[in-house]
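Visitor: next input, structure requested:
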Amino acid sequence: MHKDENELAPWKLVAGLTVFAILTAFGFGYFGYYLSLLLKGLFSAAESVTLNKGAFYCLGAAIIGCMLLYFGVRKLQGKTVSTIQNRRASLIFFIGLGIAVVLPQLIHYPTASYLQAQGYSECALQSRQWLHDKVMVFTVTPEHCIELARADCEEAPVRQKCRLLPQFSTSKTGTD
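Guide: Numbers count the residues shown, from 1 in each chain. Predicted structure coming up:
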């Protein structure tokens, strides 16, 4: 039997699958944690509610990771991929991609509208964004927002948001 020169050695395939398995498990865990945090905040009328759009991106990526793991294990077992399995893989890929692209927006806007209608406002001191990944913290009162920021700044006063709070500001007032 002729071995394809582009084919990975079994140990490399196992190593790659292990990395994919870890990333996929992390994606599901990250999603589950932030979904439970969101639901807990929504249903318990908490003083603050956290919505992490990145967790919903991770869900889509984890679904795609499951598909890749499935086919990686089949490759390791030496099994071929049928046309039907290939179609299903394409469907799973597009579902995962759709979840990663659409679900964060579908969750963000209705949740933010609902929370604002309930009297919450977004706490800019606690919210953060990096590219499309956005973590929004909604609080019942502006005072609670400041309390949360103060608590974070007491733990790590070098954070950028801490410069916005007078007691943690390192800038000098007046002349030297």
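Visitor: strands of this protein, start to end?
Guide: 48-52, 121-122, 128-130, 133-139 (DSSP state E).
Visitor: which one of those lies closest to Leu68?
Guide: strand 133-139 (21.9 Å; Cβ to Cβ). Heads up, the C-betas are built off the backbone N, CA and C, glycines and all.
Visitor: so for that closest one, mean pLDDT?
Guide: With pLDDT averaged residue by residue, strand 133-139 scores 90.
Visitor: repeat that for stretch 84-93.
Guide: Mean predicted lDDT for stretch 84-93 stands at 91.
Visitor: quick one: contacts of that stretch?
Guide: Residues outside stretch 84-93 that contact it (Cβ atoms under 8 Å, 6 or more residues apart in numbering): 63-64, 66-67, 70-71, 81.
Visitor: for the protein, give me the ranges with low pLDDT.
Guide: 1-6, 166-176 (pLDDT under 70).
Visitor: can you map out the helices along it?
Guide: 10-43, 53-77, 83-117, 142-155 (DSSP state H).
Visitor: now these in JSON lines, with distance to Lys161?
Guide: Listed next are the helices of the chain as JSON lines, based on distance: least, Cβ to Cβ, whole Å:
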{"stretch": "helix 10-43", "distance to Lys161": "20"}
{"stretch": "helix 53-77", "distance to Lys161": "18"}
{"stretch": "helix 83-117", "distance to Lys161": "20"}
{"stretch": "helix 142-155", "distance to Lys161": "6"}
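Visitor: which one of these lies nearest to Asp133?
Guide: Once the helices of the chain are compared by Cβ to Cβ, helix 53-77 is nearest, at 3.9 Å.
Visitor: which other helices and strands contact the closest one?
Guide: helix 10-43, helix 83-117, strand 133-139 (3 or more Cβ pairs under 8 Å, 6 or more residues apart in numbering; DSSP states H and E).
Visitor: pull the CA atoms of the last one into PDB?
Guide: Presented in PDB, the C-alpha positions along strand 133-139 are these (Å, rounded to 0.1, in the frame of the first residue of the first chain):
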ATOM      1  CA  ASP A 133     -15.900  39.900  21.700                       C
ATOM      2  CA  LYS A 134     -17.800  42.000  24.100                       C
ATOM      3  CA  VAL A 135     -18.600  41.500  27.800                       C
ATOM      4  CA  MET A 136     -21.400  43.700  29.100                       C
ATOM      5  CA  VAL A 137     -22.200  44.100  32.700                       C
ATOM      6  CA  PHE A 138     -25.500  45.600  33.500                       C
ATOM      7  CA  THR A 139     -26.200  47.000  37.000                       C
END
